[in-house]
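Colleague: pasted the sequence and its predicted model underneath.
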Amino acid sequence: MRFTDTLKKNYEFRRLYAKGKSAVTPYLVVYARLTRRSGCRVGFTVSNKLGKAVVRNRVRRRLREIYRLHETGFVPGAELVVVARARAVGAQYRQLERAMLDACKRLGVWRPASP
RNA sequence: CAAGCAGGCUGAGCGACCGCGGGCAUGAGCCGAAAGGCUGUGCGUGAGGAAAGUCCGGGCUCCGCAGGGCAAGGAUAACGGGUAACGCCCGCCAGGGGUGACCCUCGGACAAGUGCAACAGAGAGAUACCGCCCCGGCGCUCCCGCGCCCGGGGUAAGGGUGGAAAGGCGAGGUAAGAGCUCACCCGCCGCGUGGAGACACGUCGGCGCUGUAAACUCUAUCCGGAGCAACGCCGUGGAGGAACAAAAGGUCGGCCCGACCGUUCCGGGGAGGCGGCUUGAGCCUGCCAGCAAUGGCAGGCCACAGACAGAUGGUCGUUCAGGGACCCGCAAAAGGUCCCGGACAGAACCCGGCUUACAGGCCCGCUUGCGUU
RNA sequence: GGAGAAGUACCCAAGAGGCCGAAGGGGCUCCCCUGCUAAGGGAGUAGCCGGUGUUGAGCCGGGCCCGGGUUCAAAUCCCGGCUUCUCCG
């Protein structure tokens, strides 16, 4: 994740929830906004209502891997938070991937990478 | 060979590409006055037997506390040992289960005191409902005797109720009965022998006492409280305080007037940062002591994670388990092809246990039954 | 990560060893009131699961989150799980 930092502080998450736009899919919710920074910043939220620690870790790792593999397509300066919903627990990797890219495209922070 | 019992180990292997957290080195690039930081490169490393539940015991911190005793509250409970300690472990005893290997048991004291034992039943340490027996009364009868809407007394053998009816059973005894007496058995106390002890055996003597302490209680032993979000250090700004200066300067403004603004130190401490943070009752090998838990000695090793919105992942190939379908075949076995497919589960200060979850696989020992020699 | 609390009928809930065969509300059924409904008033049975029987009623057994245990007897006492909720920066 070359140009990417992770969102860490609670106030950063709350600022994004308050000021950003969101897109909803059955598997996840994406909040996003644009800043003047040169790199992207991303955070992942998997609440403990989704399951035990193993389940939550697997969901978060998959979401992070999806972001990593499609990192070059994100608009610089984007700040986003991906919140997993309950149906993400039993989802296939490809379903999660399609849901996340679709949501990001609707928010205008991602476009398919040109080869 | 089959069925079973007990214990221990293991918790898929190899490879490819991309990616992540620590550590060490490097000094290539950038930033910085420097310390150093970020990026890069190389080497090596990176989840568990339960990491889980947070149920016990410790270490470690802070708070409280002169020392000792008593009380309150809580915990534990046969006996002997192990351990830093434990409610854990080992051995053993008693009771219960199993043909057996073996398994199960919060297993002190109701004979110190108090409470409770609903309903049923006559009666729940006490009792006379039915019954049985004696005496009196009345009636029947020639008498023997028999009967009862009668009264007084004896009785705990029989009936029924109940979880439990007050040692069991037999004989003697008696009006009928009764440990009232006796033999045998059961239990408790005492005595003798053996044992480290719980206890076992014997029976010379005494006694016959309901159950319940996961009811209050008593006895013995142990325990101060909170927790790494503990705690220690640093800490821009802002609130507050002190010292210095009261001139110069800055901002608003065309200028004057006017308004606003200082520097240094202290400072509880919020955000944040750093430490605590991984070398420890540590791991491996061998020998000795012990039935064992465990302990002792010698040698070797730091390979055995340390994050802080929290790393250990993703996509594949192949092998090994496993399951299903088909082919071959009378059937089983073996073989072949294809498909599916990997238990429970993720460190968060660290250890010792317990409990709970768990696909399978491997090893050792033992028991019973059958067969062969 | 740590510290606690609570689970009782469809919902809210009382009960703290035996009279529990589970109180009381809400809900449900029937009746009154109304042109009809709501509200109000009166009465009533059951309730969840399984079995049996059925037009319906009934009858039997099990059930107080789940599984063990103590006791003659457990919603209640003890042990172990599960679920939900709260607090600590």
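Modeller: Sure thing, it's come through.

Colleague: OK, contacts around the nearest residue to residue A:5 once chain neighbours are set aside?
Modeller: Closest residue to residue A:5 in three dimensions, ignoring its sequence neighbours and counting by CB to CB, 6 or more residues apart in numbering: residue A:41, at 4.9 Å. Heads up, the C-betas are built off the backbone N, CA and C, glycines and all. With CB atoms under 8 Å, 6 or more residues apart in numbering as the criterion, the residues that contact residue A:41 are A:4, A:5, A:6, A:7, A:12, A:35, A:78, A:79, A:80.

Colleague: so the second one, which of the three states?
Modeller: In this case it means residue A:5. The three-state label given to residue A:5 by DSSP: H, G, I helix; E, B strand; the rest coil is strand.

Colleague: get me the contact residues on chain A for RNA strand B.
Modeller: Within chain A, the positions lying close to RNA strand B (CB under 7 Å from any atom of the strand) are A:1-2, A:6-10, A:13, A:43-45, A:52-55, A:57-58, A:60-62, A:64-65, A:68, A:93.

Colleague: tell me what the helix ranked longest in chain A is packed against?
Modeller: Longest helix of chain A, by residue count under DSSP state H: helix A:53-69. For helix A:53-69, the elements it packs on are strand A:40-45, strand A:78-84, helix A:93-107, judged by 3 or more CB pairs under 8 Å, 6 or more residues apart in numbering; DSSP states H and E.

Colleague: which of the contacts of residue A:41 count as buried?
Modeller: Among the contacts of residue A:41, the ones that count as buried by 16 or more other CB atoms under 10 Å are A:7, A:78, A:79, A:80.

Colleague: return the distance of the second one relative to residue A:48.
Modeller: This means residue A:78. Using CB to CB, to the nearest Å, one gets 27 Å for the distance from residue A:78 to residue A:48.

Colleague: the residues of chain A next to RNA strand B, buried ones only, as a PyMOL selection?
Modeller: The buried subset of the residues of chain A next to RNA strand B, as determined by 16+ other CB under 10 Å, is captured in PyMOL by this line:
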select buried, chain A and resi 7+13+43+44+60+62
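
Colleague: many thanks, I have nothing further to ask.
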